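# just the structure for this:
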Amino acid sequence: MGVLASASPKFDRRGLSGPALRTFFRIAEEWKLSPEEQMTLLGVTARSTFFGWKKSQEVALPKDTLERISYILGIWKALQILLPNEASADAWVKKPNEAPLFNGRSALQRMLSGQVADLFVVRQYLDAQRGGLA
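Numbers count the residues shown, from 1 in each chain. Predicted coordinates:
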């Protein structure tokens, strides 16, 4: 067995999926996201899949969906640090933002493009605002 093979632990999608979905749905509730917005952020197009995930989190999410949730959790956490007032932190994602990255639109509008890269960019922006690295 080579060094690279032993350095890469087995990725347990099933074990991570339930906690990831529960966390995502709590954040979505705090951010007051519609089912359609939640579906876009998760990268799921089938309503039956989405509502199946809401009903039972005993699934193995695709890696793409887990990556998306990871970025959303990072965005949520960065907002909690930057804006200790919970209501302000939760409202930030929907407020227009004049930073060049957003061009007057909200972070949520940027994230709703459907691209994972936009979630990454918003996360990176917030990490930079708090003086950390992405």
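
# which helix or strand in the chain has the lowest average pLDDT?
Across the helices and strands of the chain, mean pLDDT, DSSP states H and E gives its lowest value to helix 3-7, namely a mean of 47.

# what comes into contact with the one helix or strand F120 maps to?
Element membership for F120 (DSSP states H and E) is helix 116-129. Residues from elsewhere that reach helix 116-129 (Cβ atoms under 8 Å, 6 or more residues apart in numbering): 41, 43, 64, 67-68, 71-72, 74-75, 78-79, 82, 99, 101, 107, 110-111, 133-134. All C-beta atoms are positioned from the backbone trio N, CA, C, and that covers glycine.

# redo that, cut-off 10 Å
Helix 116-129 has contacts (Cβ atoms under 10 Å, 6 or more residues apart in numbering) with 41, 43, 64-65, 67-79, 81-82, 92-93, 97, 99-102, 107-113, 115, 132-134.

# in helices, which of those fall?
Applying DSSP state H to the contacts of helix 116-129, the entries found in helices are 41, 64-65, 67-79, 81-82, 92, 107-111.

# what does the pLDDT read for the closest residue to L112 other than its chain neighbours?
In this structure, L112 finds its nearest non-sequential neighbour in T40, 5.1 Å apart by Cβ to Cβ, 6 or more residues apart in numbering. As predicted, T40 sits at a pLDDT of 97.

# T40: what's it in contact with?
By Cβ under 10 Å, 6+ apart, the contact set of T40 is 33-34, 68, 108, 111-114.

# picking that back up, quick one: mean pLDDT for the helix holding F120?
Mean predicted confidence for helix 116-129 is 95.

# what angle separates it from helix 63-82?
If you take axes from the mean of the first three to the mean of the last three Cα atoms, to 10 degrees, helix 116-129 sits at 20 degrees to helix 63-82.
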